[in-house]
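Novice: Need the 3D shape of this:
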Amino acid sequence: MDTEPMAPGLEPLLSVEELAGYLGVPVATVYDWRVDGKGPRAIRVGRHVKFAVSDVRAWVDAQREPAPSDSPRGR
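Specialist: Numbering: from 1, shown residues only. Sure thing, here's the model as predicted:
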């Protein structure tokens, strides 16, 4: 994933295809997540759907499972 800004102060945006490639899932899965409200926040640019790298990072971080020591069964 290329995260270098194209212009100073602008955050890179990923296409649906780039996001799917980064996550290793089919493009259809990204669209399914959008319909179900489960994926990262998106930005509409005309007819295109884009994803800010910071939103993708935040979403990925929120998908982490708790560490074994954080769960009641791990204690």
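Novice: Ser15 contacts Val56, doesn't it?
Specialist: No. Assessed by Cβ atoms under 8 Å, Ser15 is found out of contact with Val56, at 11.7 Å. Every C-beta, even on glycine, is put in place using the N, C-alpha and C of the backbone.
Novice: Compare neighbour counts for the two and give me the winner.
Specialist: For the pair Ser15 and Val56, the greater number of neighbours falls to Val56 (23 against 15), based on other Cβ atoms under 10 Å.
Novice: Pro40 - how many residues pack around it?
Specialist: Residues contacting Pro40 under the criterion other Cβ under 10 Å number 22.
Novice: whoops, Val60 was the one
Specialist: The number of residues near Val60, taken as other Cβ under 10 Å, comes to 12.
Novice: Make 557 the starting number, not 1.
Specialist: Sure, I'll start numbering at 557, so the last one becomes Val616.
Novice: who touches it in this structure?
Specialist: 579, 596 (Cβ atoms under 8 Å, 6 or more residues apart in numbering).
Novice: dump the residue contacts of the spatially most central residue of the chain.
Specialist: When the chain is reduced to its mean C-alpha position, the nearest residue by Cα atoms, centre = their mean turns out to be Val612, at 2.9 Å. In this structure, Val612 makes contact with 570, 575, 578, 596, judged by Cβ under 8 Å, 6+ apart.
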